[in-house]
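Visitor: need coordinates for the below:
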Amino acid sequence: MDDDALDALLAALSRRTRRRILDLVSAEPGMSMKALASHFDVSRIGVLKHVRVLEAVELLLPRKEGRTRHLFFNPIPIQLLRDRWTDQYGAFWSERVVDLKARVERRIAESEDSKSA
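Guide: As a prediction, the model looks like this:
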């Protein structure tokens, strides 16, 4: 995920209304725009603006059947975000834990050697 895509994804997730939309659609895959809009105190056009932002970063995938737009949550962009950070920082902390383990084992061995001498 490049920096521009990351910025767009984080911007899309920064709004409470958009996160609520994702929660609703993930709880009810295929939710129609009409059903989604009924959960908010703004116009359908207002909700549609938020939906379009989420579609632009591919968090929502629309499927049109006749005049009805059905929405589906796509977790892949969030997974890519998670992987980016956990891979980078996971490696960092794994190295630290291995180093700490080696130090503790060395001190235990030194302590046992000094006791037996």
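Visitor: I'd like the distance from the helix or strand hosting Arg96 to the chain centre, please.
Guide: Assigned by DSSP states H and E, Arg96 belongs to helix 76-116. Centroid separation for helix 76-116 versus its chain: 25 Å, with C-alpha atoms, centre = their mean, to the nearest Å.
Visitor: the nearest residue to Val47 once chain neighbours are set aside: how many residues sit nearby?
Guide: Nearest non-adjacent residue to Val47, counting by C-beta to C-beta, 6 or more residues apart in numbering: Ala37, 4.5 Å away. Placement of C-beta: from N, CA and C, glycine included. Neighbour count of Ala37, defined by other C-beta atoms under 10 Å: 18.
Visitor: for Phe40, same thing?
Guide: There are 15 residues near Phe40, going by other C-beta under 10 Å.
Visitor: can you check the one 10 residues further on too?
Guide: Here the neighbour count serves as a burial measure; for His50 (other C-beta under 10 Å) it reads 21.
Visitor: host element of it?
Guide: helix 44-56.
Visitor: any buried residues in that helix, and which?
Guide: Val47, Leu48, His50, Val51, Val53, Leu54, Glu55 (16 or more other C-beta atoms under 10 Å).
Visitor: which helices and strands does the following helix or strand past it pack with?
Guide: Using DSSP H and E, the next helix or strand after helix 44-56 towards the C-terminus is strand 60-65. Applying 3 or more C-beta pairs under 8 Å, 6 or more residues apart in numbering; DSSP states H and E, one finds that strand 60-65 contacts helix 16-27, helix 44-56, strand 68-73.
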